[in-house]
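A.B. asks: Please find the sequence and the predicted model below.
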Amino acid sequence: MFATFTDWEFDGNIETAKKLAADFWPQMKAAGATDFRGTKTGPKSLRSMTLWKSKEECEAALDKIRAAGSAQSGMKVVETASGYLEIELD
């Protein structure tokens, strides 16, 4: 599994961010994403975590998805990080 983390800035309306995530989830899932989580980290910030089947599937899709999300919502990517999932506890 491969994980990506994206820090976003938005207009402060968390409902807009939730709708954007829900709208893009089918496209992300079709591209190889298996799981998505979002955490509100401040009044106008959100950190998303997405798990992908492979790094290759992620790299093929992620830049397009982030760009489309930013363009359609006014949300701005602030920072990103990614890597292979090494620890998973249930």
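C.D. replies: Everything's here; your move.

A.B. asks: doesn't D11 fall inside a helix?
C.D. replies: No - the assignment for D11 (DSSP: H, G, I helix; E, B strand; the rest coil) gives coil, which keeps it out of a helix.

A.B. asks: That one: what's it in contact with?
C.D. replies: Residues in contact with D11 (C-beta atoms under 8 Å, 6 or more residues apart in numbering) are 44, 74. Where C-beta positions appear, they are placed from N, C-alpha and C, glycine not excepted.

A.B. asks: cool, M49 as well?
C.D. replies: For M49, counting by C-beta under 8 Å, 6+ apart, the contacting residues are 3-5, 35-39.

A.B. asks: Report how many residues lie close to the nearest residue to L85 once chain neighbours are set aside.
C.D. replies: Leaving aside its sequence neighbours, L85 sits nearest to M1 (C-beta to C-beta, 6 or more residues apart in numbering; 4.0 Å). Residues near M1, counting by other C-beta atoms under 10 Å, number 14.

A.B. asks: Help me confirm that M1 comes into contact with G83.
C.D. replies: No - using C-beta atoms under 8 Å as the test, M1 is too far from G83 to be in contact (10.2 Å).
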